[in-house]
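Participant: what would the 3D arrangement of this be:
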Amino acid sequence: MAEQKNWSMKRVVAASSAGTAFEWYDFFIFGSLAQTIQKVFFAGLDPTAGLIAALGLFAAGFAFRPLGAIIFGVIGDRMGRKGAFLMTVSLMGGATFAIGLLPTYQTAGIFSPILLIVLRILQGIALGGEYGGAAIYVAEHAANERRGAATGWIQISASIGLLAGLLVILATRTTVGEEAFLDWGWRVPFLISLLLLIISVWLRFKLSESPAFRELKEKGDVCRTPLRDSFGRRDNLKRVLIAFFAIMCAQGAVWYTAFFYVQVFLGKSLGVPEATVNVLVLAVALVSAPFYIFFGWLSDRVGRKPVMIGGMLLALIAYLPGFQAIGSAANPALVAAQAKKPVIVYTDPGSCSVQFDPVGTRQFRSSCDIAKSLLASTGIGYESRATGGGTVISVGGTQVEVPEGHGLAAKELKTLKEATGAQLKAALSAEGYPAKAEPSQTNLPLVFLWMLVFAIAATALYGPQAAALVEMFPTRIRYTAMSLPYHVGTGWIGGFLPVTSFALVTITGNIYASLWYPAFFTLVSILTAYFFLEETRGKPLDQV
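Facilitator: Below is the predicted model of the structure:
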């Protein structure tokens with residue numbers, strides 16, 4: 001009997017984790033292809049606006065995850081865990097496959113990004129119901145003393161999904177070449193999701209309902225109003241708020257800095273080739289994967305709270321020195337040039353706008369805006385100094401005058417920006433600024449080690465997280481009450497991290513200003529967890 005139960009538990013963990021990994025694969029290939037998405041679907045925008053729009057669309061999928069959490073949370077609490085995550089995997093797989101069939105901007109114009117937005121929203125809604133269902137399903141099968149280790153397999157699924165996505169992207173890019181990849185090869189990672197969808201549905205269809213929900217149903221105690229009971233009752237609402245502020249704020253900040261913003265930083269700010277960035281993230285994801293299980297196991301022995309706070313503290317301490325070290329190791333020539341010959345923008349501060357454009361549609365017409373927009377597109381940091389009028393970009397001993405763009409038609413404005421951009425690139429080159437990172441000068445092992453530090457911090461927080469969240473909420477409302485704070489944290493804080501962090505760089509001119517965003521939310525969680533989060537290790541779920 002014990003052997004049969006052990007085999008049953010392995011099947012539960014395997015099917016739940018595999019299905020969740022496939023969903024993360026579907027969701028993450030979009031973020032890993034942000035720069036390609038920019039070129040394919042936002043070709044009508046200038047490079048900076050296009051990248052911000054692509055990152056904003058990456059965030060849009062996350063923005064709708066809380067809606068999915070509510071929809072599928074209610075389904076999961078009223079009808080069962082199994083049915084809810086069969087629906088989510090089907091919706092996710094279908095939307096991802098459809099992205100691979102979309103026409104490009106060159107073919108369909110504005111309809112291309114509109115269709116992409118719709119499918120991205122459907123992806124977000126699907127993922128909003130996935131994580132809670134899988135984590136709860138495994139936790140409700142697991143023994144009290146091994147819940148952290150068992151749910152650690154659900155946590156590792158995100159890394160496996162990212163790993164699989166990067167492998168498919170890298171293999172396709174290497175096989176067909178960069179030109180063909182940009183033309184049609186980018187579709188392959190999306191189209192492969194159809195096969196993953198079939199496997200996922202088959203695996204999950206063979207599972208039975210969780211014992212905790214089955215017992216609830218037999219007693220006739222299934223919750224009929226999970227939204228009201230989760231958020232309308234003071235004690236449950238308090239649990240939801242603590243889960244969000246003590247755990248999920250940091251989760252959104254730490255994990256998405258470690259695995260996604262670092263890709264933007266390496267590619268855009270430091271000029272590291274996209275293929276090299278893919279390989280680095282792939283290696284980090286592979287090496288760090290076992291740590292999800294380890295930290296889940298460790299939380300079964302020493303407690304959820306100390307392990308998760310330890311991960312938050314490591315990330316907070318490492319943010320600034322880590323990214324500075326990555327900058328020096330990835331592109332030392334750029335760091336040296338900026339130290340010796342800093343870029344200074346002399347302009348009238350009153351003519352400058354806030355360089356934050358999440359949808360990529362604003363036209364920056366003043367000379368100040370044009371100067372900062374061009375510098376943002378290079379990823380190079382700069383200082384601003386006030387003058388009486390006009391705008392000049394100073395690079396060492398070379399100066400570039402930036403004309404005004406007011407009153408120009410869109411085509412004329414684009415021509416002006418291109419001409420000024422060419423002068424800026426020539427000035428940067430003349431003063432020793434590299435156009436991209438030089439592979440022979442890049443210290444890849446050091447970049448990898450610092451990326452691994454952030455990944456370990458993320459796994460220490462994420463590994464015990466599923467068990468901790470499940471143990472916070474009663475069975476009757478667990479799916480709804482747990483899913484919403486999780487997806488607000490990862491969906492809004494994590495999903496908007498790349499576009500907001502990049503925007504902070506364009507606003508300030510400081511490439512490390514991006515770290516203010518994750519540092520703030522990590523600190524919020526450290527303080528909230530220390531003072532308000534209760535230890536739940538080993539707690540029977542029927543006593544919550």
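Participant: worst-scoring helix or strand of the protein, pLDDT-wise?
Facilitator: In the chain, no helix or strand scores lower on mean pLDDT, DSSP states H and E than helix 47-63, which sits at a mean of 66.
Participant: ok, then the element right after that one?
Facilitator: Once the chain leaves helix 47-63, the next helix or strand it forms, by DSSP states H and E, is helix 65-79.
Participant: quick one: mean pLDDT for that following helix?
Facilitator: If you average the pLDDT over helix 65-79, you get 88.
Participant: give the other helices and strands that whatever helix or strand comes next after it contacts.
Facilitator: As assigned by DSSP H and E, the chain's next helix or strand after helix 65-79 is helix 81-99. Packing partners of helix 81-99 (3 or more Cβ pairs under 8 Å, 6 or more residues apart in numbering; DSSP states H and E): helix 2-32, helix 65-79, helix 111-139, helix 187-191, helix 193-205. Just so you know, the C-beta spots here come from the backbone N, C-alpha and C atoms, and that holds for glycine as well.
Participant: looking at those, which is closest to T528?
Facilitator: T528 lies closest to helix 65-79 among the helices and strands packed on helix 81-99, at 19.4 Å (Cβ to Cβ).
Participant: can you add distance to R147 and give the helices and strands packed on helix 81-99 back as CSV?
Facilitator: CSV is the format used below for the helices and strands packed on helix 81-99 (distance: least, Cβ to Cβ, whole Å):
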stretch, distance to R147
helix 2-32, 11
helix 65-79, 19
helix 111-139, 6
helix 187-191, 34
helix 193-205, 21
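Participant: L86 is nearest to which of those helices?
Facilitator: With Cβ to Cβ as the criterion, L86 lies closest to helix 193-205 of these, at 5.4 Å.
Participant: any idea which helix or strand comes after that closest one?
Facilitator: Following helix 193-205 in sequence, per DSSP H and E, is helix 211-218.
Participant: flag every buried residue along whichever helix or strand comes after that following helix.
Facilitator: Following helix 211-218 in sequence order, the next helix or strand is helix 226-231 (DSSP H and E). Residues P226, L227, D229, S230, F231 are the ones in helix 226-231 that count as buried (16 or more other Cβ atoms under 10 Å).
Participant: contacts only, for the second one.
Facilitator: Translated: L227. Contacts of L227 were listed using Cβ atoms under 8 Å, 6 or more residues apart in numbering, and they are I70, V74, T480.
Participant: and the residue nearest to A43 when sequence neighbours are not counted, how many neighbours?
Facilitator: Of all residues not flanking A43 in the chain, Y105 sits nearest, at 4.4 Å (Cβ to Cβ, 6 or more residues apart in numbering). By other Cβ atoms under 10 Å, the residues close to Y105 number 20.
Participant: against V40, how distant is Y105?
Facilitator: Applying Cβ to Cβ, to the nearest Å, the value for Y105 to V40 is 7 Å.
Participant: flag the shaky bits of the protein, pLDDT-wise.
Facilitator: Along the chain, segments meeting pLDDT under 70 span 1-7, 23, 27, 31, 44-59, 355-363, 502, 544.
Participant: can you redo the buried residues of helix 226-231 as TSV with distance to L195?
Facilitator: TSV is the format used below for those (distance: Cβ to Cβ, whole Å):
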residue	distance to L195
P226	34
L227	36
D229	40
S230	36
F231	39
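Participant: in JSON lines: the helices and strands packed on helix 81-99, plus mean neighbour count and distance to G388.
Facilitator: As requested, these are exported to JSON lines (neighbours: other Cβ atoms under 10 Å; distance: least, Cβ to Cβ, whole Å):
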{"stretch": "helix 2-32", "mean neighbour count": "20", "distance to G388": "44"}
{"stretch": "helix 65-79", "mean neighbour count": "24", "distance to G388": "49"}
{"stretch": "helix 111-139", "mean neighbour count": "25", "distance to G388": "41"}
{"stretch": "helix 187-191", "mean neighbour count": "20", "distance to G388": "52"}
{"stretch": "helix 193-205", "mean neighbour count": "18", "distance to G388": "57"}
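Participant: tell me which of those lies nearest to K414.
Facilitator: Across the helices and strands packed on helix 81-99, the minimum distance to K414, taken as Cβ to Cβ, is reached by helix 111-139, at 18.4 Å.
Participant: any idea how far the next helix or strand after the closest one is from the middle of the chain?
Facilitator: Beyond helix 111-139 on the C-terminal side, the first helix or strand identified by DSSP H and E is helix 147-176. Its chain's C-alpha centre and that of helix 147-176 lie 14 Å apart, by Cα atoms, centre = their mean, to the nearest Å.
Participant: just checking, what packs against helix 147-176?
Facilitator: helix 2-32, helix 111-139, helix 187-191, helix 274-302, helix 444-462, helix 465-470.
Participant: which one of those helices lies nearest to A149?
Facilitator: When those are compared by Cβ to Cβ, helix 274-302 sits nearest A149, at 4.2 Å.
Participant: counting by contacts, list what that closest one packs against.
Facilitator: helix 147-176, helix 262-264, helix 304-330, helix 444-462, helix 465-470.
Participant: and the contacts of stretch 82-97?
Facilitator: Outside stretch 82-97, the residues touching it (Cβ under 8 Å, 6+ apart) are 16, 19, 22-23, 26-27, 29, 68, 72, 75-76, 119-120, 122-123, 125-130, 133-134, 137, 190-191, 193-194, 196-197, 200-201, 204-205, 207-210, 479.
Participant: rewinding a little: closest to E145 out of the helices and strands packed on helix 147-176?
Facilitator: helix 274-302 (6.2 Å).
Participant: buried residues of that closest one, list them for me.
Facilitator: 274, 276-278, 280-285, 288-289, 291-300.
Participant: what angle sits between that helix and helix 444-462?
Facilitator: If you take axes from the mean of the first three to the mean of the last three Cα atoms, to 10 degrees, helix 274-302 sits at 40 degrees to helix 444-462.
Participant: so how far is helix 274-302 off the chain centroid?
Facilitator: 15 Å.
Participant: can you pull out the helices in the stretch 301-450 of the chain?
Facilitator: Along the stretch 301-450 of the chain, counting by DSSP state H, counting those that start in this stretch, helices occupy 304-330, 332-340, 367-378, 410-430, 444-462.
Participant: so which of the ones you listed gets nearest L166?
Facilitator: Using Cβ to Cβ, the helices of the stretch 301-450 of the chain put helix 444-462 closest to L166, at 13.2 Å.
Participant: just checking, what packs against the closest one?
Facilitator: Right, helix 444-462 is packed against helix 147-176, helix 249-256, helix 274-302, helix 304-330 by 3+ Cβ pairs under 8 Å, 6+ apart.
Participant: can you rerun that using 6 Å?
Facilitator: helix 249-256, helix 274-302, helix 304-330 (3 or more Cβ pairs under 6 Å, 6 or more residues apart in numbering; DSSP states H and E).
Participant: what's the last one packed up against?
Facilitator: Right, the one you point to is helix 304-330. helix 274-302, helix 444-462, helix 516-532.
Participant: compute the inter-axis angle for the last one and helix 444-462.
Facilitator: Okay, so that is helix 516-532. 40 degrees.
Participant: packing partners of helix 516-532?
Facilitator: By 3+ Cβ pairs under 6 Å, 6+ apart, helix 516-532 packs against helix 249-256, helix 304-330.
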